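# Below: sequence and its predicted model.
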Amino acid sequence: MKILSAEQIREADQYTIKYEPIVSSELMERAASKCSEWLRKKYDIHYSYQIFCGVGNNGGDGLAIARQLFQKGFDVKVYQVAFSSKKSPDFILNEKRIQDMDIPYKIIKRPSEFPPIKQQKNIVIDTLFGSGLNRPARGLAADMISYLNQESRHTISIDLPSGLFPEDNSENDMDFVIKARHTLTFELPKLALLFPENGPFVGQWHLLPIGLHPRFISEAETNYHFLTLEEIKPLLQKRKKYTHKGSFGHVKIVAGSRGKMGAAILATKAALRSGAGLVTAHIPGCGLESMQTSTPEAMVEENSGTNILQESSVETTGYSLGIGPGIGKDHSTKNFLRALLKNCKSPAVLDADALNIIAEDESCQKLIPALSILTPHPKEFQRIAGEYKGDLEKLQKQKDLARKLNCIVVLKGAHTSICMPDGRIYFNSTGNPGMATGGSGDVLTGLIAGLLAQGYSPENTALIAVFLHGMAGDYAAAEESVESLIASDLIHQFGKVFRNLIDS
């Protein structure tokens, strides 16, 4: 699914109006009906609504939503926040429709006219600006936003929380952005919805289709994509009947040190559950017994180091390598990693301490095989890529790093972003906060290495693995809880995830 800029979405609106064809007010009515339908499913007739409208098209959406809810029997009050005298034509049309009905409608011109906000079974609908703002809110609009943030327990924003810019908020005044519990947005995600720094304002966001013209969307150019089931299912390979374990590749997990063998075990188990034909764990001697006891399906290759990985001969040809979980940063381990990368000619997966080591030794970065997959969490990424001010700058640094190393950079977190060397970025749609737990990244390393071994391209491997990893987390959270989720729960869900995806 494409992620388009606010300007491209406005162009899509105009294209739809011209070529469907449909008048703009009917497109607004369509968007409003999707919102009112969502609200009616979410909240019963005992809820009341206070709808705060600007004077542009977002305000027009609010007026249309108010009318539709009123017609269904809901208690609705509408407030026009008159911070401008320039009303859009579709706002004027919907204002007349509201005034022709018995809907309470008040025009607010100063803060002293702000209405009391009901606290019980009451929803505040924010349609002040949507995505139509390109400078910080000021004056009456800013006062209104501050008041609603202070008084409303339950705010729902339409399109975008008012005050939030659609892409870059680095120069915005975030004190004057609506803090929504839910955001209802249209057709395609907006970049601002996917950034962690905007989470307190966006809340939980929901995508509502409004029938923008498919030709415009298919032809629109963008480097940003939202990864959904629709993109993943065609990439998956079904197993053929006449195959053997050699058909599905051989993974080598290079991981572990004294006190951190759990990371190696999790990565190894994940590689096994990924569908790889064979898995070998290359580990220090201290982990031999625990690995063989906990993971009998894996072969074990003992490093010459007892407590850490130290320089020794490691065969890399014919293997998909997953390197880094729990290896530590001992000087001997750094030398081991350098020698390993020199010997590695195929794309590998680098995570955890492997990333911390290359962050400290830039010359080591030059040894990383082309199209390798790096999987940093935000702190590891910052060590490699440097400081950044906000999420948009972080995204640019992710692009720069992927291009510089000719690698795929998977930046883990909510809506994990996967950046290709050519600058394309995919944001993941699966996963939940329960996955913010020790070992979750080790599981992802094993899963990526396992898929890479099976012949998937590095690009498709990264996309599939991140999506499946998040999906396993969602299944685990549904079965247990977000609070109690642990990394091994993800591995236990892999079978269900594969069955549901491939068999459906």
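Arrived safely, thanks for sending.
# Endpoints of stretch 219-229, how far apart?
21 Å (Cα to Cα, to the nearest Å).
# List of residues touching it?
If you take Cβ atoms under 8 Å, 6 or more residues apart in numbering as the criterion, stretch 219-229 is touched by 1-5, 8, 12, 188-189, 191, 194, 231, 418, 423-429, 463, 466-467, 501. C-beta coordinates here come from the backbone N, C-alpha and C atoms, glycine included.
# Please narrow the residues you listed to those residing in helices.
In helices, defined here by DSSP state H, the members of these are 8, 12, 231, 463, 466-467, 501.
# which among the contacts of stretch 219-229 end up buried?
By the neighbour-count criterion of 16 or more other Cβ atoms under 10 Å, the contacts of stretch 219-229 include these buried positions: 1-5, 8, 12, 188-189, 191, 194, 231, 418, 425-429, 463, 466-467, 501.
# How about the contacts made by residue 490?
Here residue 490 is in contact with 270, 435, 440, 443, 469, 472-473, 476 (Cβ under 8 Å, 6+ apart).
# Enumerate the positions of stretch 104-112 that are buried.
105, 108.
# So which other helices or strands are in contact with the helix or strand harbouring residue 149?
For residue 149, the host element (DSSP states H and E) is helix 139-151. On a contact count with 3 or more Cβ pairs under 8 Å, 6 or more residues apart in numbering; DSSP states H and E, helix 139-151 meets strand 75-81.
# Can you show me the CA trace of the helix or strand following the strand it packs on as PDB?
Using DSSP H and E, the next helix or strand after strand 75-81 towards the C-terminus is helix 89-99. Once side chains and other backbone atoms are set aside, the C-alpha atoms of helix 89-99 remain, and they are given as PDB (Å, rounded to 0.1, in the frame of the first residue of the first chain):
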ATOM      1  CA  PRO A  89     -17.400  26.100  -0.800                       C
ATOM      2  CA  ASP A  90     -18.100  22.600   0.600                       C
ATOM      3  CA  PHE A  91     -18.100  23.900   4.100                       C
ATOM      4  CA  ILE A  92     -20.600  26.600   3.200                       C
ATOM      5  CA  LEU A  93     -22.800  23.900   1.500                       C
ATOM      6  CA  ASN A  94     -22.800  21.600   4.600                       C
ATOM      7  CA  GLU A  95     -23.300  24.600   7.000                       C
ATOM      8  CA  LYS A  96     -26.500  25.400   5.100                       C
ATOM      9  CA  ARG A  97     -27.600  21.800   5.400                       C
ATOM     10  CA  ILE A  98     -26.900  21.900   9.200                       C
ATOM     11  CA  GLN A  99     -28.800  25.100   9.600                       C
END
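# by contact count, what packs against helix 89-99?
Helix 89-99 sits against helix 24-42, helix 57-71, with contacts defined as 3+ Cβ pairs under 8 Å, 6+ apart.
# and those helices, which is most packed in?
Stretch with highest mean neighbour count among those: helix 57-71 (a mean of 25; mean count of other Cβ atoms under 10 Å).
# Contacts for the lowest-mean-pLDDT helix or strand in the chain next, please.
Lowest on mean pLDDT, DSSP states H and E among the helices and strands of the chain sits helix 362-365, with a mean of 93. For helix 362-365, the surrounding residues in contact (Cβ under 8 Å, 6+ apart) are 334, 337-338, 341, 357-358, 405.
# The helix or strand following that helix pairs with which strands, parallel or anti?
Scanning forward in sequence from helix 362-365 by DSSP H and E, the next helix or strand is strand 373-374. Paired neighbours of strand 373-374 in the sheet (DSSP bridges): strand 349-350 (parallel), strand 408-411 (parallel).
# And the last one, how far out from the chain middle?
Right, the one you point to is strand 408-411. Remark: strand 408-411 is offset 13 Å from the chain centroid, using Cα atoms, centre = their mean, to the nearest Å.
# got the CA positions of it in CSV?
Coordinates of each C-alpha in strand 408-411 appear next as CSV, following Å, rounded to 0.1, in the frame of the first residue of the first chain:
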residue,chain,number,x,y,z
ILE,A,408,18.8,-3.3,3.8
VAL,A,409,18.3,-1.5,7.1
VAL,A,410,15.5,-2.8,9.3
LEU,A,411,14.8,-0.2,12.0
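# Low-confidence regions, the stretch 251-400 of the chain specifically.
Across the stretch 251-400 of the chain, not a single residue meets the criterion (pLDDT under 70).
# I'd like to know how many residues surround residue 414.
Taking other Cβ atoms under 10 Å as the criterion, the count of residues near residue 414 is 16.
# Ok, the one 3 residues further on next?
As a burial measure, the neighbour count of residue 417 was computed by other Cβ under 10 Å and equals 23.
# just to revisit the earlier point, and the contacts of helix 362-365, which is closest to residue 387?
Each of the contacts of helix 362-365 was checked against residue 387 using Cβ to Cβ; the closest is residue 358, at 17.7 Å.
# Could you list every helix and strand in contact with the host helix or strand of the closest one?
Applying DSSP H and E as the criterion places residue 358 in helix 353-360. Using 3+ Cβ pairs under 8 Å, 6+ apart as the contact test, the elements touching helix 353-360 are helix 331-343, helix 362-365, helix 378-385.
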